[in-house]
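1. please work out how this folds:
(one chain, ligands or ions: 1)
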Amino acid sequence: MTYPTQPTASHFIDGAYVEDTTGEVIEVIYPATGEVIARVHAATPAVIEQAITSALRAQKIWSKMSGTERGRVLRRAADIIRERNHDLSVLETYDTGKPYQETSVADATSAADALEYFGGLAGSLTGEHIQLGEDWVYTRREPLGLCVGIGAWNYPTQIACWKGAPALACGNAMIFKPSEMTPLCALKVAEILVEAGAPAGIYNVVQGMGAVGTSLVTDPRVNKVSLTGSVPTGKKVYAAAAAGIKHVTMELGGKSPLVIFDDADLEDAVGGAIMGNFYSSGQVCSNGTRVFVQKGIREAFVARLAERLGNAVIGDPMDPETSFGPLVSARQLEIVQGYIAKGIAEGATLVCGGERLNLPGFWLTPAIFDNVTDDMAIAREEIFGPVLAVLEFEDEDEVIARANDTEFGLAAGVFTNDLKRAHRVIAQLEAGTCFINSYNDAPVEAPFGGVKNSGVGRENSKAAIEHYSQVKTVYVRMGKVEAPF
Ligand code: NDP
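-> Numbering: from 1, shown residues only. Have a look, this model is predicted:
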């Protein structure tokens, strides 16, 4: 199988594709068919060293450029990405299996938004001036130096830019390691940045499994680590970074609550539950997978939801009509099937879906469980697949307590037509990213991130600048220095 935008080698370092075939082979599998569509090699120590030395060299040049000049490069890269949206979306579909209907509007476009937004901010990043009588203090907003980005497999292009764009805007260099399951898209981002005028080495991409991530995270020349991944990986990477007192951003997993009150607009609530559970075949960190529905509308909600799931178009992800694709891998399919079996064994009612389709590739139909209770594994653990759990509740205080009874805190949503209740409930939910009468919107202008075990730091928005820069304080004395002796 060939496609127009396939990268030509495993790594992108110092402005060019780099290959070292002695690295372990990673097969890139198209999830819709199970076919091997490419092979890359994990980075060897020599490749990692090359990536670090070139990034350090580039960062010296890049950080001396003005913010406006850096921003211009990022905005040019955004324009190129938009021009090539079709090819990049096709590549994203091959990498992840997500339908083209999604990738053509949510992946390269989101990456371009990040480059455009942070490109626009770059020229206005400043320190401050603090007058102290005659003396004064000024602060300089300085880059951190060398940042490492490590990505999950669900949004490879987006994650590469959500991390890369603010890092570069602040004058840092970045080495990005994609998930071994989706190694292709970030290479195109690196290529496009160079084409847009970024100095060679400022954004390098190296492939590999967790071990490559670990060698990057533990290298003393690395100043910051930004991970998107699961909570267990987050704990390991955070601990490794802490050993070197490095800055971190952790975008981790979730088991987010979506609370639907009986005064909500039913169609909107059902639409929100679909967007919060089945987009990208349910492989979205912020999904509202615990759907708490108030007693009075539970039956109507479940019936309408099941009816609308029947409209999902499952099939060839490249067909623009297809709205539901496969899971990313055989392993992920196995994990999700395991949870379907567990839900049934625990006594939840499987309303529909959860069936393995008799197709090559990793296909599972979208599933709804009703009569789920808080103690069931399907209500407590992140499944990361198309499995929605409906939990009934009676009143507001009860649902808030139950919604918060989790180690996670990435996102939360409320559907109600009572304006005061919406804000009152959201204020009490323990989550970093919340929605009222909507679900899973992630514009670059808004901070995105979690509380509790779901993460540390924020991506996107002006808040990300704080996580990719540091403040130097400079005290300036205008008079004589008084000393005791
Ligand atoms: P993993 O945690 O398995 O992996 C994430 C990345 O970390 C991969 O690139 C992985 O490499 C790498 N890695 C694994 N072990 C280590 C290590 N010890 N040191 C350094 N790097 C390591 O997550 P998945 O890829 O399975 O992604 C799914 C998870 O990501 C879900 O929990 C989901 O909620 C979360 N996620 C969070 C988001 C957020 O913004 N909060 C957004 C998207 C996903 P490799 O896989 O190649 O071995």
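2. hey, let's count contacts and neighbours off CA atoms from now on
-> Will do.
3. host element of the residue nearest to residue 391 when sequence neighbours are not counted?
-> Of all residues not flanking residue 391 in the chain, residue 292 sits nearest, at 4.7 Å (CA to CA, 6 or more residues apart in numbering). Using DSSP states H and E, residue 292 sits in strand 290-294.
4. next, the angle strand 290-294 makes with the next helix or strand after that strand.
-> Remark: after strand 290-294, the chain's next helix or strand is helix 298-309, criterion DSSP H and E. Orientation of helix 298-309 against strand 290-294 (axes from the mean of the first three to the mean of the last three CA atoms, to 10 degrees) gives an angle of 130 degrees.
5. I'd like to check what contacts the next helix or strand after helix 298-309. Which residues are they?
-> Using DSSP H and E, the next helix or strand after helix 298-309 towards the C-terminus is helix 330-345. Contact with helix 330-345 is made by 327, 349-350, 354, 361-364, 369, 376-378, 383-385, 387, as judged by CA atoms under 8 Å, 6 or more residues apart in numbering.
6. tell me the residues of the stretch 201-350 of the chain that contact the ligand?
-> 208-210, 213-214, 228-230, 233, 236-237, 251-254, 284-285 (CA under 6 Å from any ligand atom).
7. related to what we said a few turns ago, got a PyMOL select line for the buried ones in the contacts of helix 330-345?
-> In PyMOL, a selection of the buried entries from the contacts of helix 330-345 looks like this (16 or more other CA atoms under 10 Å):
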select buried, resi 327+349+350+354+361+362+363+364+369+378+383+384+385+387
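8. and the two most separated of the contacts of helix 330-345?
-> Within these, two members stand farthest from each other by CA to CA: 361 and 376, at 29.1 Å.
9. gap between the two ends of stretch 373-385?
-> 19 Å (CA to CA, to the nearest Å).
10. all strands for the stretch 151-300 of the chain, in order.
-> 173-177, 203-205, 224-228, 247-251, 257-260, 290-294 (DSSP state E, counting those that start in this stretch).
11. buried ones in the second one?
-> For strand 203-205, burial by neighbour count (16+ other CA under 10 Å) applies to 203, 204, 205.
12. JSON lines for the residues you listed, including distance to residue 420 and pLDDT?
-> JSON lines is the format used below for the buried residues of strand 203-205 (distance: CA to CA, whole Å; pLDDT from 0 to 100):
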{"residue": "203", "distance to residue 420": "46", "pLDDT": "99"}
{"residue": "204", "distance to residue 420": "48", "pLDDT": "99"}
{"residue": "205", "distance to residue 420": "47", "pLDDT": "98"}
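13. closest to residue 304 among those?
-> residue 205 (45.0 Å).
14. got the contact list for the closest one?
-> 11, 12, 13, 51, 175, 176, 177, 178, 186, 187, 190 are the contacts of residue 205 under CA under 8 Å, 6+ apart.
15. and for the third one, the neighbour number?
-> What it means is residue 13. 28 (other CA atoms under 10 Å).
16. now do the last one
-> Here the neighbour count serves as a burial measure; for residue 190 (other CA under 10 Å) it reads 31.
17. kindly report the same for the fifth one.
-> In terms of burial, residue 175 registers 29 neighbours under the definition other CA under 10 Å.
18. the contacts of residue 205 also near the ligand: which ones?
-> Checking the contacts of residue 205 against the ligand (CA under 6 Å from any ligand atom), the matches are residue 178.
19. contact partners of the strand holding residue 292?
-> By CA under 8 Å, 6+ apart, strand 290-294 touches 255-262, 273, 301, 379, 388-395, 399.
20. how's the protein carved up into domains?
-> 11-252+454-472, 257-436 (the TED database).
21. got the end-to-end distance for the shortest one?
-> Distance between the two ends of domain 257-436: 12 Å, counting by CA to CA.
22. give the rounded mean pLDDT of that domain.
-> What domain 257-436 shows for mean pLDDT is 98.
23. where in the stretch 101-250 of the chain is pLDDT low?
-> For the stretch 101-250 of the chain, no stretch has pLDDT under 70.
24. all the helices of it, in order from the start?
-> Counting by DSSP state H, counting those that start in this stretch, the stretch 101-250 of the chain has helices at residues 108-122, 156-169, 185-195, 210-218, 231-243.
25. residues of the last one that come out buried?
-> Of the residues in helix 231-243, those buried by neighbour count under the rule 16+ other CA under 10 Å are 231, 233, 234, 237, 238, 240, 241.
26. helices and strands around that helix, which ones?
-> helix 210-218, strand 224-228, strand 247-251 (3 or more CA pairs under 8 Å, 6 or more residues apart in numbering; DSSP states H and E).
27. would you reformat those as CSV and include mean neighbour count?
-> Below are the helices and strands packed on helix 231-243 laid out as CSV (neighbours: other CA atoms under 10 Å):
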stretch, mean neighbour count
helix 210-218, 19
strand 224-228, 27
strand 247-251, 24
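28. export these to a markdown table and tack on distance to residue 345?
-> Below are the helices and strands packed on helix 231-243 laid out as a markdown table (distance: least, CA to CA, whole Å):
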| stretch | distance to residue 345 |
| --- | --- |
| helix 210-218 | 33 |
| strand 224-228 | 32 |
| strand 247-251 | 32 |
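29. now render the domains of the chain as JSON lines, adding distance to residue 478.
-> Formatted as JSON lines, these follow (distance: least, CA to CA, whole Å):
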{"stretch": "domain 11-252+454-472", "distance to residue 478": "5"}
{"stretch": "domain 257-436", "distance to residue 478": "45"}
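30. closest to residue 483 out of the ones you listed?
-> domain 11-252+454-472 (16.5 Å).
31. for the closest residue to residue 381 other than its chain neighbours, grab phi and psi.
-> In this structure, residue 381 finds its nearest non-sequential neighbour in residue 255, 6.7 Å apart by CA to CA, 6+ apart. Residue 255 has phi and psi values of phi -150, psi 70 when expressed as degrees, to the nearest 10.
32. can you pull the contacts of residue 255?
-> Neighbours of residue 255 in contact, by CA under 8 Å, 6+ apart: 286-290, 379-382, 406, 408-410.
33. please apply the same query to residue 162.
-> Taking CA under 8 Å, 6+ apart as the test, what residue 162 contacts is 111, 114, 459, 460.
34. so which two of the residues you listed are the farthest from each other?
-> 111 and 459 (12.7 Å).
35. filter the contacts of strand 290-294 down to the buried ones, PyMOL style.
-> Buried subset of the contacts of strand 290-294, written as a PyMOL selection, criterion 16+ other CA under 10 Å:
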select buried, resi 255+256+257+258+259+260+261+262+273+301+379+388+389+390+391+392+393+399
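36. quick check: phi and psi at residue 75.
-> According to degrees, to the nearest 10, residue 75 has phi -70, psi -30.
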